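Novice: Any chance you can model this:
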Amino acid sequence: EPDDLRQAFAWLEWERIIPSGARVFIKPNLTWPTHLPGVTTTPKAMESLAIVLKDRTDHIIFGESDGGYHAYDVEEAFEGHQLYALRDRYGISVVNLTDLPSETVEGVIAGKRVSANLPSLLLHEIDVFITMPVPKTHVMTRVSLAFKNQWGCVPSPMRLREHYDFDHKIVLINKLLQPKFAVMDGTYFLDGAGPMTGDVIPKKLLIVGDDIGAASSVACEIMGISPSS
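Specialist: Numbering: from 1, shown residues only. The predicted structure follows:
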């Protein structure tokens, strides 16, 4: 509920992080055209975040890229997760990151020079980046939490071809995007062979942190998984 989120933000003194009128971008996890419990961010959680952010700013953008391997156009996911209805109701913006201008950026991660292609919007026109993942297991990375969710900011639907260097690239992406908040939608967790299939665990839990590592560590503890693994 919005009041639960307001309580969490107040505890984190969110006014010091989200200035009045700030340009805020929210990255949910929309890895399927329709909402799947434990797999995609719930429409209710996104609505609650939009309502609360409206207390601080009118510049609110929800965005995601097209499905991997061209599995679906993300506009289908926007419709299936009621984001267009939220846009009309609250005056937020909804953008397909795949359609935006992008640029390749480089950095040195753990002594290795790596690159990533990212939308220019996220690099130059956003004041506050908020990641909104679902706490779930993942067959390749063990968990998919507040770091991995930013992989969906890579606009190309063929981003899976870059998994060979995922470890370095995801760190670079997070350093560049600098998420200020993790709002982890634990309405449902996912166990088993995630991130798309597995055992759905209803939790009705919200994990909010002003540090994506701290929020991810809390989620790991709840899931019974060592963060170092």
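Novice: In the protein, which residue sits furthest out from the middle?
Specialist: In the chain, the residue that sits farthest from the middle, by Cα atoms, centre = their mean, is residue 111; the gap is 26.9 Å.
Novice: Near residue 193, how many other residues are there?
Specialist: Other residues within reach of residue 193, judged by other Cβ atoms under 10 Å, total 12. Bear in mind the C-beta positions are built from the backbone N, C-alpha and C, glycine included.
Novice: Now it: closest residue in space, sequence neighbours ignored.
Specialist: residue 139 (5.6 Å; Cβ to Cβ, 6 or more residues apart in numbering).
Novice: Repeat that for residue 138.
Specialist: Nearest residue to residue 138, sequence neighbours excluded (Cβ to Cβ, 6+ apart): residue 144, at 4.2 Å.
Novice: Surely that neighbour and residue 137 touch.
Specialist: Yes - using Cβ atoms under 8 Å, residue 144 and residue 137 qualify as a contacting pair, with a distance of 7.4 Å.
Novice: overlap in contacts of those two?
Specialist: Common neighbours of residue 144 and residue 137, using Cβ atoms under 8 Å, 6 or more residues apart in numbering, are 194-195.
Novice: who has more neighbours, those two?
Specialist: Set side by side, residue 144 and residue 137 give different neighbour counts by other Cβ under 10 Å, the larger being at residue 144 (25 against 21).
Novice: Show me the beta-bridge partners of that one.
Specialist: In this entry, residue 144 is beta-bridged to residue 136, by DSSP bridges.
Novice: quick one: residue 140 from residue 107, how far?
Specialist: Counting by Cβ to Cβ, to the nearest Å, the gap from residue 140 to residue 107 is 23 Å.
Novice: Let me see the ranges of the strands in the protein.
Specialist: Assignment of strands within the chain using DSSP state E yields the ranges 24-28, 60-64, 93-96, 102-109, 112-119, 128-132, 136-138, 142-144, 179-191, 199-209.
Novice: which other helices and strands contact the first one?
Specialist: What it means is strand 24-28. Contacts defined by 3 or more Cβ pairs under 8 Å, 6 or more residues apart in numbering; DSSP states H and E place strand 24-28 against helix 43-53, strand 60-64, strand 128-132.
Novice: quick revisit: show me the contacts for the residue nearest to residue 138.
Specialist: By Cβ under 8 Å, 6+ apart, the contact set of residue 144 is 29, 133-134, 136-138, 194-195.
Novice: winner for burial among the strands of the chain?
Specialist: With neighbours taken as mean count of other Cβ atoms under 10 Å, the strands of the chain reach their highest mean count in strand 24-28, at a mean of 25.
Novice: what's the angle from that one to strand 112-119?
Specialist: Going by axes from the mean of the first three to the mean of the last three Cα atoms, to 10 degrees, strand 24-28 is angled at 100 degrees with respect to strand 112-119.
Novice: What lies in contact with strand 24-28?
Specialist: When contacts are taken as Cβ under 8 Å, 6+ apart, the neighbours of strand 24-28 outside the stretch itself are 18, 40-41, 46, 49, 53, 56-57, 59-64, 81, 121-122, 126-133, 149-150, 152-153, 183, 185.
Novice: Next: stretch 4-20.
Specialist: Against stretch 4-20 from outside (Cβ under 8 Å, 6+ apart): 24, 48-49, 52-53, 55-57, 127-128, 180-181, 183, 206, 208-210.
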